[in-house]
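Model the following, please.
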Amino acid sequence: MISGKFAISLHILTLLTKFPNEYLSSDFIAGSLNLHPVLVRKEIVNLKNNQLVISKEGKNGGTMLAKSASQITLDQVLKITLEKVSFGYSKNHPNPNCPVGEKMNNKLDMLYTTLNNQITGQLMNITLEQFSNDF
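I've put the predicted structure just below:
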């Protein structure tokens, strides 16, 4: 299913792009997102585990980009926040004795694979720097 993690992570990364030489606190980031800092910290851990950000603890601590925004593509962000985009399936299993029902989930699988390939292909061509320039 579609998750808000991509949007949250992209918001965090975009904010960090705007302050490239500063460690931003999770409280500051949470204020921009209008989210609880604990939720922000969870996403920061994921970004850190995937080498997109670095963090420093303490009074002057916070988070900053681990590399230039021009080196981060939006498909990288998508891959670490979602395995793939899925619009889901019916809660009920289709009737296997129906000519439509017997093939529906397989056809949806093929459609979702095509959509994911298209989404990834487009996001590979957009850097975090390009996305952030609009702010």
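
Report all helices and strands that the longest helix seen in the chain contacts.
The single longest helix within the chain, with elements called by DSSP state H, is helix 104-123. For helix 104-123, the packing partners by 3 or more Cβ pairs under 8 Å, 6 or more residues apart in numbering; DSSP states H and E come out as helix 74-81. In short, each C-beta sits where N, CA and C put it, glycine included.

ok, residues contacting the helix it packs on?
Here helix 74-81 makes contact (Cβ atoms under 8 Å, 6 or more residues apart in numbering) with 3, 5-6, 8-10, 13, 46-47, 50, 52, 85, 119-120, 123-124, 126-128, 131.

which among these end up buried?
Buried residues within the contacts of helix 74-81, defined by neighbour count using 16 or more other Cβ atoms under 10 Å: 5-6, 8-10, 13, 46-47, 52, 85, 119-120, 123, 127-128, 131.

mind listing the strands for the chain?
Remark: strands assigned in the chain by DSSP state E are 53-56, 62-65.
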